[in-house]
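**Student:** Please find the sequence and the predicted model below.
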Amino acid sequence: MNKSPEHLAPYETWNLTLITQPSRSRLCALEPLGLGTPYVESLTSYLTRLAKAHSVSLRTLAIQELLPLLNRKYLSNPLGNSLGSFWKDAARALNGTGTLACDWAHVLESLTLRSDLRFLTLLPWAAVLTSQRLLKSTRAWCPECFMEWREAGHPIYEPLLWSMRVVSMCLRHQRPLLDQCPHPDCHAKLPVLAPHIQPGYCSICSKWLGVTSDHPNVLQATEQWLWQIWVTEMVGELVMQNMEPTIVPHLGNIPGLVSALRWQTANGSLHRLAQKLQLSRRTLRAWILGEQVPQTETLLRLCYCCGVSLFDLLTLQSGKLDLGKLTFHTLPNIPNPNRNRRNPIPLDLVRIRKSLEAVLTCEELPPPSMRTVSKRLNYSPRKLREHFPELCRAISNRRKDYLHSRRIQRIEQQKTQVRQATIEIHSQGLYPSSHRVGLLLSEPAIMRSPVMLKFWREILEELELVD
């Protein structure tokens, strides 16, 4: 007997639409620390923590994941030291305003599927901050911050603020930042990045950096100390706004501010204003004409003297800055980097020529580079090339020829090792794979070289091990 529709039991409705799987990131989507605060993490610190999260060295992470996407494979050449030189000389630029910061942040965002890693650099302020004297060349840290974070179980990291050259103190603990390993058997200045760097540890001796030591006895009432507090607050306010999308930084307020300051405090005298700001007239004139992006330190001097915050100067719309009546604040007695520049040394052309000729005739090995020669003579390479182009070219070519011959010699020695190892393994009745050959070499990484791999295949052909 058929049941009527009202007697039929209802069943659950199934949705057979396939669920769209979210995209998976190649690397761990590690969350940046301190976003939206003055203590936002730096990109170099994020790289260090990312390597630790994957339980690999920073060098391994860079070579296997980052460099191929950055199109900088030359940095991973096992026969050279390009990556080591990069960590030492150029890695600080990853926190800055240039192409390196942009490229590395973009690649990391694509690998982690995050969209906020560019805010770990100074890229949001690229239009108003010049790269000159912007970042420190070595690491700086507050040991008390490290110690507090470890005791509280928080991740150890290095804020972007600490990497800036103008910042030399920790506001939270009212103490100077350290820039040397505190352990007596080390005392090294540390590169911004290193192949096996660990957050909070020395990359030279591998010891913990959160060690409080006797820091210089700085009187907290001195002008220098108050200046450092003010500078750190100004820069901290700037990096705190990295993620604000409505901010469009510009330099439009600087010409008007300098002109107003010139007439209100120096009776229109650019020379007198330059003396008060401890700057040159050429610099001030370039600012008024909009021909130069001021260095961060000199820009802070201007802000201090005018009583204007750095953030307001760089973000307020042109005409919104109150220039009606400025109160001039005298600069404290602080070091002026422009005064430390070496005065030009008169050129003794006869002596220099004799010295350059002596370099060419001497049998010093390795032959010195032009940079080394210029340091010995206490002149810039540019100045020497300007007056003695042929001699300088000959010195450079001699150095290049020597390095080229050494490289050829090194490759031949490596080929000899590869041939001996391959034949030895084959004589034992085993297949001489590149891995087995590498184990018998003094430097197994040699087998990653395209030159050695090609040579190894040629040996296999000689041994008739290749079809």
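**Tutor:** Received it, and whenever you're ready, just let me know what you need.
**Student:** Where does the prediction get shaky in the stretch 1-150 of the chain?
**Tutor:** Scanning the stretch 1-150 of the chain for pLDDT under 70 picks out 1-9, 11, 21-22, 73-74, 76-81.
**Student:** repeat for the stretch 151-300 of the chain
**Tutor:** 213-221.
**Student:** Tell me where it has helices.
**Tutor:** Under the criterion DSSP state H, counting those that start in this stretch, the stretch 151-300 of the chain contains helices at 223-240, 253-265, 270-277, 281-288, 296-306.
**Student:** can you put those in a markdown table and add distance to G98?
**Tutor:** The way it works is simple: take the backbone N, C-alpha and C, and place the C-beta from them, glycine included. Compiled in a markdown table, the helices of the stretch 151-300 of the chain are given as follows (distance: least, CB to CB, whole Å):
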| stretch | distance to G98 |
| --- | --- |
| helix 223-240 | 17 |
| helix 253-265 | 21 |
| helix 270-277 | 27 |
| helix 281-288 | 21 |
| helix 296-306 | 14 |
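**Student:** For E297, see how far away R175 is.
**Tutor:** According to CB to CB, to the nearest Å, R175 and E297 sit 21 Å apart.
**Student:** again with H426
**Tutor:** H426 is 65 Å from E297, by CB to CB.
**Student:** cool, C306 as well?
**Tutor:** 15 Å.
**Student:** So these two - more neighbours on which side?
**Tutor:** Between C306 and E297, C306 has the larger neighbour count (other CB atoms under 10 Å), namely 22 against 19.
**Student:** Burial check on C28, number of neighbours?
**Tutor:** 12.
**Student:** scratch that, P182 is what I was asking about
**Tutor:** Based on other CB under 10 Å, the number of other residues close to P182 is 18.
**Student:** Now do the phi/psi pair for it.
**Tutor:** phi -80, psi -10 (degrees, to the nearest 10).
**Student:** try the one 3 residues further on
**Tutor:** Taking degrees, to the nearest 10, you get phi -90, psi 10 for the backbone angles of D185.
**Student:** for T361, same thing?
**Tutor:** Dihedral angles (degrees, to the nearest 10) for T361: phi -90, psi -20.
**Student:** before we move on, back to that, nearest to L47, of the helices of the stretch 151-300 of the chain?
**Tutor:** Ranking the helices of the stretch 151-300 of the chain by distance to L47, with CB to CB as the measure, places helix 223-240 first at 17.8 Å.
**Student:** list the helices and strands the closest one packs on?
**Tutor:** Under the contact definition 3 or more CB pairs under 8 Å, 6 or more residues apart in numbering; DSSP states H and E, helix 223-240 sits against strand 169-170, helix 296-306, helix 310-315.
**Student:** partners of the shortest one in the sheet?
**Tutor:** Read it as strand 169-170. Its sheet considered, strand 169-170 pairs with strand 175-176 (antiparallel) by DSSP bridges.
**Student:** Of the helices and strands packed on helix 223-240, which is nearest A286?
**Tutor:** helix 296-306 (11.1 Å).
**Student:** Please name every helix or strand in contact with that closest one.
**Tutor:** helix 223-240, helix 253-265, helix 270-277, helix 310-315.
**Student:** can you give me how far the third one is from the chain middle?
**Tutor:** What that stands for is helix 270-277. 34 Å (CA atoms, centre = their mean, to the nearest Å).
**Student:** which parts of it are buried?
**Tutor:** Across helix 270-277, burial judged by 16 or more other CB atoms under 10 Å covers L270, L273, A274, K276, L277.
**Student:** My guess is the third one contacts R285. True?
**Tutor:** By that I understand A274. No. In this structure A274 lies outside contact range of R285 using CB atoms under 8 Å: 9.1 Å.
**Student:** okay, now the domains of the chain?
**Tutor:** Following the assignment in automatic domain parsing, the chain carries domains at 25-242, 250-331, 349-462.
**Student:** what mean pLDDT does the helix ranked longest in the chain have?
**Tutor:** When the chain is parsed with DSSP state H, its longest helix is helix 389-427. For helix 389-427, the mean per-residue pLDDT is 88.
**Student:** Which elements pack onto it?
**Tutor:** The helices and strands touching helix 389-427, judged by 3+ CB pairs under 8 Å, 6+ apart, are helix 349-361, helix 370-377, helix 381-387, helix 434-439, helix 450-462.
**Student:** Tell me which of those helices lies nearest to N253.
**Tutor:** Among these, helix 381-387 sits nearest to N253 (CB to CB), with 35.5 Å.
**Student:** Packing partners of the closest one?
**Tutor:** Checking 3+ CB pairs under 8 Å, 6+ apart, helix 381-387 ends up next to helix 349-361, helix 370-377, helix 389-427.
**Student:** Apply 6 Å and report the result again.
**Tutor:** Helix 381-387 sits against helix 370-377, with contacts defined as 3 or more CB pairs under 6 Å, 6 or more residues apart in numbering; DSSP states H and E.
**Student:** before we move on, back to that, of the helices and strands packed on helix 296-306, flag the one that's most buried.
**Tutor:** Among those, ranked by average contacts under mean count of other CB atoms under 10 Å, first place goes to helix 310-315 (a mean of 20).
**Student:** Now tell me what touches it from outside.
**Tutor:** Contacting residues not belonging to helix 310-315 are listed as V128, M234, E237, L238, I247, P249, N253, C303 [CB atoms under 6 Å, 6 or more residues apart in numbering].
**Student:** same thing but 10 Å
**Tutor:** 125, 127-129, 230-231, 233-238, 240-241, 244, 246-254, 257, 296, 299-300, 302-304, 306, 309, 320-322 (CB atoms under 10 Å, 6 or more residues apart in numbering).
**Student:** center of the protein, which residue is that?
**Tutor:** The chain has R92 as the residue nearest its centroid, 1.4 Å off, counting by CA atoms, centre = their mean.
**Student:** Unless I misread the structure, that one falls within a strand.
**Tutor:** No. Judged by DSSP: H, G, I helix; E, B strand; the rest coil, R92 forms no part of a strand; its state is helix.
**Student:** Verify the stated contact: it with L190.
**Tutor:** No. Using CB atoms under 10 Å, R92 makes no contact with L190, being 11.7 Å away.
**Student:** So for those two, which residues contact both of them?
**Tutor:** Both R92 and L190 are in contact with T138, R139, where contact means CB under 10 Å, 6+ apart.
**Student:** ok, residues contacting stretch 416-429?
**Tutor:** Stretch 416-429 is contacted by residues 430-434, 436-443, 446-447, 449, 452-453, 455-456, 458-460, 462-463, 465 when judged by CB under 10 Å, 6+ apart.
**Student:** Just give me how far it sits from the chain centre.
**Tutor:** 44 Å.
**Student:** What residues sit buried inside it?
**Tutor:** Within stretch 416-429, the residues that count as buried by 16+ other CB under 10 Å are Q417, V418, R419, A421, T422, I425, H426.
**Student:** ok, and the closest non-adjacent residue to the fifth one?
**Tutor:** Translated: T422. Spatial nearest neighbour of T422, excluding adjacent residues (CB to CB, 6 or more residues apart in numbering): P432 at 4.3 Å.
**Student:** from memory the one you found sits against L440, does it?
**Tutor:** Yes. In this structure, P432 is within contact of L440 by CB under 10 Å, at 9.4 Å.
**Student:** can you tell me which residues contact the closest residue to L43 other than its chain neighbours?
**Tutor:** Spatial nearest neighbour of L43, chain neighbours left out: L120 (4.2 Å); criterion: CB to CB, 6+ apart. By CB under 10 Å, 6+ apart, the contact set of L120 is 32-35, 40-47, 94-95, 101, 105, 108, 159-160, 239, 242.
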